[in-house]
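*Asks:* Predicted model and sequence follow; I will ask about them next.
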Amino acid sequence: MAIEEIPLAHALGAEIRGVDIAGTVSDADIDAIRKAWHQAHVIVFRDVAWTPDQHCAFSRRFRDLDDHAATPHDRLDGYPELLEVTNKPKNNQPSQTRNAGRNWHSDYSYTNRPAASSMLYCTEKPPVGGDTMFCNMARAYDDLSDKMKDIVAGLQSVYDFNLVSGTAKRDPVKMAELLKLNPPIAHPCVRTHDESGVKALYVSERTSHFDGMTRAESVPLIQFLCAHATRPENVYRHQWRVGDLVCWDNRTTMHLALGDFDSSYPRHMLRTTLRGEKSGYVVPPQGVG
């Protein structure tokens with residue numbers, strides 16, 4: 001049976017059918033999935049039933065996996081290559097990821113190896129809500145004027161772990177460790193995809209400023225670029241089902257996890273992170289000016 005791609009939105013997103021990713025997947029099918037992924041930026045597999053080992057094995061078919069050393073407390077016990085995103089208590093303590101992802105971002109942008117892609121698997125979800133929104137950063141770049149493209153081409157976006165959503169509710173000791181592991185780091189505001197060659201904006205609500213500019217100078221442009229990228233016509237909103245595997249390309253998308261659900265219901269997801277290329281440089285922390 002040939003792989004089938006079902007578009008999910010105009011700007012990005014496709015459901016992939018016709019392949020059992022929990023079984024034996026041929027190299028030809030992996031190539032077809034990779035091609036569809038580059039075109040759609042976000043791909044969805046439904047009704048997946050697999051183990052953590054199968055999740056990791058399938059993910060490795062595309063790229064080496066991150067061991068999540070940048071966020072060590074969020075790893076699934078026994079599986080450093082699986083990040084646990086949940087509101088369920090862990091070790092009798094509130095989960096550090098219970099409010100994760102609630103601003104527009106791309107994964108691990110605050111590290112020197114920003115995530116190439118992410119593959120998130122849903123094991124438990126509330127009855128309603130808890131959707132995730134994605135926007136197409138390649139399309140956002142293409143839609144800029146030539147003059148604005150010239151401006152952003154020379155900018156370096158500085159990412160600050162303090163701007164990760166939910167940090168104020170994290171354990172202070174663990175938060176201090178995370179800030180030490182992840183000092184502010186600059187990456188090009190426009191990045192070229194290392195596989196497809198596509199250019200895309202690389203700026204988010206976790207960008208504190210542009211290197212060499214003050215926050216006051218930077219914020220209006222950051223706000224414009226984020227608003228431009230997240231216009232409704234440039235967004236796909238995913239409504240989760242248990243058994244969904246959603247895969248997104250962090251080099252060409254941003255995403256936002258919505259908190260519009262009753263947190264008394266469990267939400268549990270597991271993420272592999274496909275390791276990106278080394279890039280960026282550490283910059284000194286900047287004040288509020």
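*Replies:* Perfect, I can see it now.
*Asks:* Show me the helices in the chain, by range?
*Replies:* Using DSSP state H, the helices of the chain run over 27-40, 52-60, 137-142, 146-153, 172-181, 215-229.
*Asks:* looking at the ones you listed, which is buried most?
*Replies:* Counting by mean count of other C-beta atoms under 10 Å, helix 137-142 has the highest mean neighbour count of these, with a mean of 22. Where you see a C-beta, it was placed from the backbone N, CA and C, and this is true even at glycine.
*Asks:* what packs against that helix?
*Replies:* Helices and strands touching helix 137-142, by 3 or more C-beta pairs under 8 Å, 6 or more residues apart in numbering; DSSP states H and E, are strand 199-201, helix 215-229.
*Asks:* neighbouring strands for the shortest one, and are they parallel or not?
*Replies:* Paired strands of strand 199-201, with direction, are strand 190-192 (antiparallel) (DSSP bridges).
*Asks:* Next, the distance between the ends of stretch 103-119.
*Replies:* With C-alpha to C-alpha, to the nearest Å as the measure, stretch 103-119 spans 19 Å from end to end.
*Asks:* could you give the mean pLDDT of it?
*Replies:* The pLDDT scores in stretch 103-119 average 97.
*Asks:* got the buried residues for it?
*Replies:* Residues of stretch 103-119 classed as buried: 104-112, 114-119 (neighbour count, 16 or more other C-beta atoms under 10 Å).
*Asks:* just those residues now: which is nearest residue 129?
*Replies:* Nearest to residue 129 among those: residue 104, at 18.2 Å, using C-beta to C-beta.
*Asks:* so who does the closest one touch?
*Replies:* Contacts for residue 104 (C-beta atoms under 8 Å, 6 or more residues apart in numbering) come out as 135, 204-205, 226, 229-230, 254-256.
*Asks:* Equivalent analysis for residue 38, please.
*Replies:* Contact analysis of residue 38 by C-beta under 8 Å, 6+ apart lists 193, 195-196, 198, 249.
*Asks:* Could you export the helices of the chain as CSV, including distance to residue 286 and mean pLDDT?
*Replies:* As requested, the helices of the chain are exported to CSV (distance: least, C-beta to C-beta, whole Å; pLDDT from 0 to 100):
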stretch, distance to residue 286, mean pLDDT
helix 27-40, 36, 97
helix 52-60, 36, 98
helix 137-142, 24, 98
helix 146-153, 19, 98
helix 172-181, 14, 91
helix 215-229, 6, 98
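*Asks:* And residue 289, what's its pLDDT?
*Replies:* Residue 289 is assigned 46 on the pLDDT scale.
*Asks:* Could you do residue 1 as well?
*Replies:* pLDDT recorded at residue 1 is 64.
*Asks:* Next: residue 11.
*Replies:* pLDDT for residue 11: 98.
*Asks:* still on that earlier bit, would you mind putting the helices of the chain into CSV with distance to residue 273 alongside?
*Replies:* Output for the helices of the chain, formatted as CSV (distance: least, C-beta to C-beta, whole Å):
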stretch, distance to residue 273
helix 27-40, 15
helix 52-60, 9
helix 137-142, 18
helix 146-153, 26
helix 172-181, 15
helix 215-229, 22
